[in-house]
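> Predicted model, plus sequence, below.
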Number of protein chains: 2
Amino acid sequence: MVIIVAKLSNKEQTFSKQIIYKNRGMDLETMLNNSNNYYLELDKAVIHKKPTPIGVVKVSYKDNHKIIDRGYFKEQSTLDYNGIYKGKYIDFEAKVTQNKTSFPLSNIHAHQIEHMKRIIKHGGITFLIISINQIVYLLKGEDFLDYIQTHQRKSIPYDFIKTYGYEIKYTYAPELDYLKIVDKIYF
Amino acid sequence: MVIIVAKLSNKEQTFSKQIIYKNRGMDLETMLNNSNNYYLELDKAVIHKKPTPIGVVKVSYKDNHKIIDRGYFKEQSTLDYNGIYKGKYIDFEAKVTQNKTSFPLSNIHAHQIEHMKRIIKHGGITFLIISINQIVYLLKGEDFLDYIQTHQRKSIPYDFIKTYGYEIKYTYAPELDYLKIVDKIYF
């Protein structure tokens, strides 16, 4: 990779701000999917979002194709994203909260907490990506589990996330370079 | 684990045959899901089937729940099952063919072949589980890719699968102990 360090012109600074502004308006899932595609193209990691599980109630057939006439969204019992990076299994969940002072734990289900414990036990990497107050943090599974095991609260205070989480900065490509943080804390 | 080696009584032999008969009638996906649940309960591995991706065309809301009024099934660009075993990333696909002499390659899409190559390159374990002639085989990703790269055929002959594949025997629990084969060939 070529890294060019140079003072940005006013025009470039405006462009740079526009990117950040654009990204902030984009939803977290889209930015992560774009980042994962970027990693895939660069052959850096193979990480995909799992499809949302659907309960199918009624189907019909049209031109040999199965059509869903009635269905509903189910809860994922695992986390949303998983794959392989530097030979290691990686598994995480991404959540946005509009709450400014804390991350409500209703965002993460009991099954998902059990899943995270299992992944750590089996030698995998697991974490949460939390968007709060327009800042995106990576919170290690270990820190998240420590917090919920020692506190009887229904949410994680923003101060805890600021202290223990790692900020994932918005960049041009990939939009959210979370593997940079993974490199820093896991490798 | 305690292994009891003893001659089976006639009654036990009948029971054992019933299990095999029962399993043969069961579909491959159910047997693999049951086996994965068994591995999960024993804390041996964390492997899940990915949900089938759905294209949602029309939704409505009822009592605050989102209902799918029209949707269709999409193709998975990755493989169906993935997870972690002994600290390693594992990723595989399971297919049944009614064809007795070969496994049609139309069962595995181009995206999935690319995905398998990537997994191997990144140090993961990938394979196919193929049910053909009522026998379930594990075919290593490496052997599968070698075959399709050197042959211009539209299917893999049964003889190739018999020679290079590893038979996964039906057992009581787990129903398809494919990790026993994984142990043998990857660890």
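It's in.

> So what pairs up with residue A:155 in the strands?
According to DSSP bridges, the residues that bridge with residue A:155 are residue A:104.

> And the strands in chain A, which stretches?
Remark: strands assigned in chain A by DSSP state E are A:45-49, A:54-62, A:65-73, A:81-85, A:88-96, A:102-104, A:125-132, A:135-140, A:155-157, A:166-167.

> Can I get these in TSV including mean neighbour count and distance to residue A:31?
Every C-beta, even on glycine, is put in place using the N, C-alpha and C of the backbone. Listed next are the strands of chain A as TSV, based on neighbours: other CB atoms under 10 Å in any protein chain shown; distance: least, CB to CB, whole Å:
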stretch	mean neighbour count	distance to residue A:31
strand A:45-49	20	12
strand A:54-62	12	24
strand A:65-73	15	22
strand A:81-85	24	12
strand A:88-96	22	9
strand A:102-104	19	18
strand A:125-132	23	9
strand A:135-140	21	8
strand A:155-157	19	22
strand A:166-167	14	14
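
> export those to CSV and tack on mean pLDDT?
Below are those laid out as CSV (pLDDT from 0 to 100):
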stretch, mean pLDDT
strand A:45-49, 97
strand A:54-62, 92
strand A:65-73, 93
strand A:81-85, 98
strand A:88-96, 97
strand A:102-104, 97
strand A:125-132, 98
strand A:135-140, 98
strand A:155-157, 97
strand A:166-167, 98
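
> how about those in CSV, adding distance to residue B:118?
CSV is the format used below for these (distance: least, CB to CB, whole Å):
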stretch, distance to residue B:118
strand A:45-49, 5
strand A:54-62, 27
strand A:65-73, 29
strand A:81-85, 8
strand A:88-96, 14
strand A:102-104, 33
strand A:125-132, 18
strand A:135-140, 24
strand A:155-157, 35
strand A:166-167, 27
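
> What about the closest residue to residue A:101 other than its chain neighbours, how many residues nearby?
Closest residue to residue A:101 apart from its sequence neighbours, by CB to CB, 6 or more residues apart in numbering or on different chains: residue A:158 at 5.3 Å. A count of nearby residues for residue A:158, using other CB atoms under 10 Å in any protein chain shown, gives 20.

> do residue A:114 as well
13.

> what's the spacing between it and residue A:148?
According to CB to CB, to the nearest Å, residue A:114 and residue A:148 sit 12 Å apart.

> circling back: from residue A:187, how far out is the residue nearest to residue A:101?
Residue A:158 sits 28 Å away from residue A:187, going by CB to CB.

> Residue A:126 too?
Note on residue A:126: its distance to residue A:187, by CB to CB, is 15 Å.

> and if you look at residue A:164?
Residue A:164 sits at a distance of 19 Å from residue A:187 (criterion: CB to CB).

> now do residue A:31
From residue A:31 to residue A:187 the distance is 23 Å (CB to CB).

> Looking at these two, which is more packed in?
For residue A:31 versus residue A:187, neighbours defined as other CB under 10 Å are more numerous around residue A:31 (22 against 10).

> where does chain A come near chain B, residue by residue?
With the criterion set to CB under 8 Å from any CB of the partner chain, chain A comes near chain B through A:40, A:43, A:45-46, A:48, A:50-54, A:65-74, A:76-78, A:82-89, A:91, A:115, A:118-119, A:121-124.

> residues touching the residue lying farthest from the centre of chain A, list them.
Distance from the C-alpha centroid of chain A peaks at residue A:63, with 38.3 Å (CA atoms, centre = their mean). Listed by CB atoms under 8 Å, 6 or more residues apart in numbering or on different chains, the contact set of residue A:63 is empty.

> My read is that residue A:129 contacts residue A:35, right?
No: at 10.3 Å, residue A:129 does not count as touching residue A:35 under the criterion of CB atoms under 8 Å.

> Overlap in contacts, those two.
Between them, residue A:129 and residue A:35 share these contacting residues under CB under 8 Å, 6+ apart: A:176, A:178.

> ok, the closest residue to residue A:169 other than its chain neighbours to chain B distance?
Distances taken as CB to CB, 6+ apart put residue A:177 closest to residue A:169, at 7.3 Å, once the chain neighbours are dropped. Residue A:177 sits 18 Å away from chain B, going by CB to the nearest CB, to the nearest Å.

> and residue A:177, what is it in contact with?
By CB under 8 Å, 6+ apart, the residues touching residue A:177 are A:35, A:168, A:169, A:171.

> Go ahead and build a PyMOL selection from the buried members of the residues you listed.
Buried residues within the contacts of residue A:177, by 16 or more other CB atoms under 10 Å in any protein chain shown, are selected in PyMOL with:
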select buried, chain A and resi 35+168
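
> Kindly state the beta-bridge partners for the closest residue to residue A:32 other than its chain neighbours.
Distances taken as CB to CB, 6+ apart put residue A:94 closest to residue A:32, at 5.6 Å, once the chain neighbours are dropped. Taking DSSP bridges, one finds residue A:129 as the beta-bridge partners of residue A:94.

> That's all I had, so thanks and see you.
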